[in-house]
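S.K.: Dropping a prediction and its sequence here:
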Amino acid sequence: MFQPEWEAMPRDELLRLQLERLRQTVERVYYRVPYYRHRLDEHGIKPEQIGSVEDIIRLPFTRKQDLRDQYPFGLFAVDLSEVKRLHASSGTKGKPTVVGYTRRDLDNWADLCARTIVAAGGRPGDVFHNAYGYGLFTGGLGVHAGAERLGVTLVPASGGNRTRQVTLIEDFKPRGIAGTPSFILSLAETMEEMGKDPASSSLVYGIFGAEPWSEGMRRTLEEKWGIHAVDIYGLSEVLGPGVSIECWQAKNGLHIAEDHFLVEVIDPDTGEPLPDGETGELVFTTLTKEAIPVIRYRTGDIAAVYREPCVCGRTHARMSRIKGRVDDMLIIRGVNVFPSELEHVLLQVKEVTPHYQIIITREGTLDHFTVEVEVSESFKERIGDCPLSEHADGARLTDRLCRLFKDNLGVTTQVVLRRPHEIPRSEGKAVRVIDRRVPQPR
């Protein structure tokens, strides 16, 4: 562990620390953020009334729209002169969400990201290849700071330029790598196209996140690269990467940094709290953020939380891997479908790759669900130049995938087979869903 005194803290001590820091956070936002003072007054809550961690459920939720409505600095709890860095979302759905960091925030963030690298199997002196994007996105710079805090030799590769990244991996011989799982998978494909075996590289462990990915994808990454592949979680509104991480020993849930965050799981429809082990929407309250503390932030991410001890010795609660997002959940003819569930099915079929796109259209009042899937190189060689849909093997594969999707997801799909590399590769997060539905006139 990087900070065993915090990561393996006895649960009773951790609860006392959380209560102390929760009180400080509520006091900070009440007296320094007019928006929160108004919301807390609406709920009839004063900071001194927080008597236990369980009192968190009395506090109002914060949503992404609240950050947009207070754009750019309305939720900041410090003067802008104390803010040492700003990050922001892309703003593709309106105003971006803006977050800031004081010097102490940046120090805490570096510590938490250093914890994640150690949990993944990293150690001081490693060469570490960081393929997360740099810029306003928190991924690249967050992991960067953690790597430097741990004391590794950092390669700030960022995203894109796969051929050059392969060269860097071959020449610099990193022991660890970080990036989105879809991009790191595409790096392995690039190596294979160059006649090289990714499993023969120097890599031992990989830290993957920023998009939902399945256990099947983990197996694929581990087999191709010959590594331990662990899941990392974070979001800029709460901190960035480093909120939670799997340990390489168990790979059974992501350890949440509970000394810095209070976690809840709620019913996404009613907002009511759910017990440990039940799947719902993750909600986080920051306990140490100075620049922009958030109270009960509704992440939109779907997962469950567990508090059983872990073999690695860490005592903090663990969250399951993200099943999907409330706003990414597809409702097709009354059936809820998450893209990660579809990926899980594809990874069981050796004739196809994990690269796919979901196309949703509407004809009249009915939604149509099409999955475009790339076939493997070996399957392409078997088919030859014949159109995939016209070959008997292609037709059989299409029928098989349709049945698997129906049996596993409960939804009828159309499957379109694509040749290798016909589905665009992303330089960052993979684009899995293309919604072409046009609202119908009333």
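M.R.: Happy to help now that I have it. Fair warning: this is a prediction, and the values are worked out from it, not measured in the lab. Numbering: from 1, shown residues only.
S.K.: Would you double-check that residue 233 falls in a helix?
M.R.: No. In this structure, residue 233 is strand, not part of a helix, as judged by DSSP: H, G, I helix; E, B strand; the rest coil.
S.K.: pretty sure it is in contact with residue 246, am I right?
M.R.: No. At 9.0 Å, residue 233 does not count as touching residue 246 under the criterion of Cβ atoms under 8 Å. Bear in mind the C-beta positions are built from the backbone N, C-alpha and C, glycine included.
S.K.: shared neighbours, those two?
M.R.: A shared contact of residue 233 and residue 246, defined by Cβ atoms under 8 Å, 6 or more residues apart in numbering, is any residue touching both; here these are residue 254.
S.K.: ok, which stretches of the stretch 151-300 of the chain are strands?
M.R.: Secondary structure of the stretch 151-300 of the chain by DSSP state E, counting those that start in this stretch: the strands cover 153-155, 176-179, 205-208, 228-235, 240-246, 254-256, 261-266, 280-286, 297-303.
S.K.: So which of those strands is nearest residue 24?
M.R.: With Cβ to Cβ as the criterion, residue 24 lies closest to strand 280-286 of these, at 10.8 Å.
S.K.: Would you mind putting the CA coordinates of that closest one into PDB?
M.R.: The C-alpha trace of strand 280-286 is given here as PDB (Å, rounded to 0.1, in the frame of the first residue of the first chain):
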ATOM      1  CA  GLY A 280     -28.300   1.400  -7.900                       C
ATOM      2  CA  GLU A 281     -26.900   4.900  -8.600                       C
ATOM      3  CA  LEU A 282     -23.700   5.900  -6.900                       C
ATOM      4  CA  VAL A 283     -23.700   9.100  -4.800                       C
ATOM      5  CA  PHE A 284     -20.600  10.700  -3.400                       C
ATOM      6  CA  THR A 285     -19.900  13.400  -0.900                       C
ATOM      7  CA  THR A 286     -16.400  14.800  -0.800                       C
END
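S.K.: quick one: stretch 77-89 to chain centroid distance?
M.R.: 24 Å (Cα atoms, centre = their mean, to the nearest Å).
S.K.: Which single helix of this structure contains the most residues?
M.R.: As assigned by DSSP state H, the longest helix anywhere in the chain is helix 11-32.
S.K.: So which residue is smack in the middle of the protein?
M.R.: Nearest to the geometric centre of the chain sits residue 210, at 3.6 Å (Cα atoms, centre = their mean).
S.K.: how much space between the nearest residue to it once chain neighbours are set aside and residue 292?
M.R.: In this structure, residue 210 finds its nearest non-sequential neighbour in residue 180, 4.9 Å apart by Cβ to Cβ, 6 or more residues apart in numbering. When Cβ to Cβ, to the nearest Å is the yardstick, residue 180 and residue 292 sit 25 Å from each other.
S.K.: So these two - more neighbours on which side?
M.R.: Comparing residue 180 with residue 292 by other Cβ atoms under 10 Å, the one with more neighbours is residue 292, at 28 against 23.
S.K.: Tell me if I'm right that the more buried one and residue 88 touch.
M.R.: No. Under the criterion of Cβ under 8 Å, residue 292 is not in contact with residue 88, lying 11.6 Å apart.
S.K.: Quickly list what's touching both of the two.
M.R.: The contact lists of residue 292 and residue 88 share residue 99, where a contact means Cβ under 8 Å, 6+ apart.
S.K.: For the longest helix of the chain, which helices and strands make contact with it?
M.R.: Packed against helix 11-32 by the contact rule (3 or more Cβ pairs under 8 Å, 6 or more residues apart in numbering; DSSP states H and E) you find helix 34-42, strand 280-286.
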